[in-house]
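Visitor: Following is a predicted model, sequence given first.
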Amino acid sequence: MDQSDVGNDIEKILLTSEDLGKKLDEMAARIDEDYAGRDLLLVGVLKGAVMVMADLSRRLHHPIAMDWMAVSSYGSGTKSSGVVRILKDLDTDLTGRNVLIVEDIIDSGLTLSWLVSNLRSRGPASVEIASMLRKPDAAQADVEVKYLGYDIPNEFVVGFGLDYAENYRNLPFVATLAPHVYGG
Ligand SMILES: O=P(O)(O)OC[C@H]1O[C@H](OP(=O)(O)OP(=O)(O)O)[C@H](O)[C@@H]1O
Ligand code: HPA
């Protein structure tokens, strides 16, 4: 992909870097307050959550541990398959831990609903979710999210960790892509 063409690929910016930063500030303040005096393990879901994890964790004053999981539900396209596979499991024993799953997006909700029940089965003290984005109109599973950035329309988006065919994750904003990117 020719990186000089990225600007042409963007259709509309839905959330600016400032919008994202503001929500991260709010989320971090709430998490600091809610977990005061308690152990906290942040679990990032690779790869999309990398930006949220980096930016959220650096705003926290609370001491945290961090671990990562990789699961696959999307392949390389724009639709969830609904079948979740663990590609990389946690290194951490969750027994008695307060787990906060950090995600970039809840789309159909299938990934997180599967992940929450998987992690709950490992004996943690608690499991909660922080997600920067959610698409309420795409929900196919009930997911209770404690810390949410923004609800967005049911459109495929990229940036701030989110990719299309592994591209655009590094964009500092959240945007939709021009139809020509999909071959339209
Ligand atoms: O609510 P859902 O419809 O299940 O979609 C959400 C999941 O999809 C994305 O991951 P993806 O499988 O694209 O992998 P990636 O994080 O490596 O991009 C995203 O990071 C979530 O994990
Ligand atoms: O809208 C999206 N964009 C990129 N990756 C995704 N994974 C789930 N939904 C999305």
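Guide: Received it, and whenever you're ready, just let me know what you need. Residues are numbered from 1 along each chain as shown. Ligands and ions are numbered 1, 2, ... in the order given.
Visitor: okay, residue 5: pLDDT?
Guide: Note for residue 5: predicted pLDDT of 71.
Visitor: So which residues of this protein form strands?
Guide: 10-15, 41-46, 65-72, 85-88, 98-106, 126-134, 147-151, 157-158, 174-177 (DSSP state E).
Visitor: so of those strands, which one's packed in deepest?
Guide: Comparing these by mean neighbour count (mean count of other CB atoms under 10 Å), strand 157-158 comes out on top with a mean of 24. The C-beta positions use only the backbone N, C-alpha and C, and glycine is treated the same way.
Visitor: which other helices and strands contact it?
Guide: If contacts are counted by 3 or more CB pairs under 8 Å, 6 or more residues apart in numbering; DSSP states H and E, strand 157-158 sits against strand 174-177.
Visitor: Does anything pack onto the strand it packs on? Which helices or strands?
Guide: Against strand 174-177 (3+ CB pairs under 8 Å, 6+ apart) you get strand 10-15, strand 157-158.
Visitor: And ligand 1, is the shortest one touching that?
Guide: Right, strand 157-158. No. With CB under 6 Å from any ligand atom as the measure, strand 157-158 is seen stopping short of ligand 1, the closest distance being 9.9 Å.
Visitor: Contacts made by that strand with the rest, please.
Guide: Defining contact as CB atoms under 8 Å, 6 or more residues apart in numbering, one finds that strand 157-158 is touched by 14, 105, 133, 164, 167-169, 171, 174-177.
Visitor: and the helices and strands packed on strand 174-177 as a markdown table, adding distance to ligand 2?
Guide: As requested, those are arranged in a markdown table below (distance: least, CB to the nearest ligand atom, whole Å):
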| stretch | distance to ligand 2 |
| --- | --- |
| strand 10-15 | 10 |
| strand 157-158 | 4 |
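Visitor: Need those strands in a markdown table (columns: distance to residue 150 and mean pLDDT).
Guide: As requested, the helices and strands packed on strand 174-177 are exported to a markdown table (distance: least, CB to CB, whole Å; pLDDT from 0 to 100):
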| stretch | distance to residue 150 | mean pLDDT |
| --- | --- | --- |
| strand 10-15 | 6 | 98 |
| strand 157-158 | 10 | 98 |
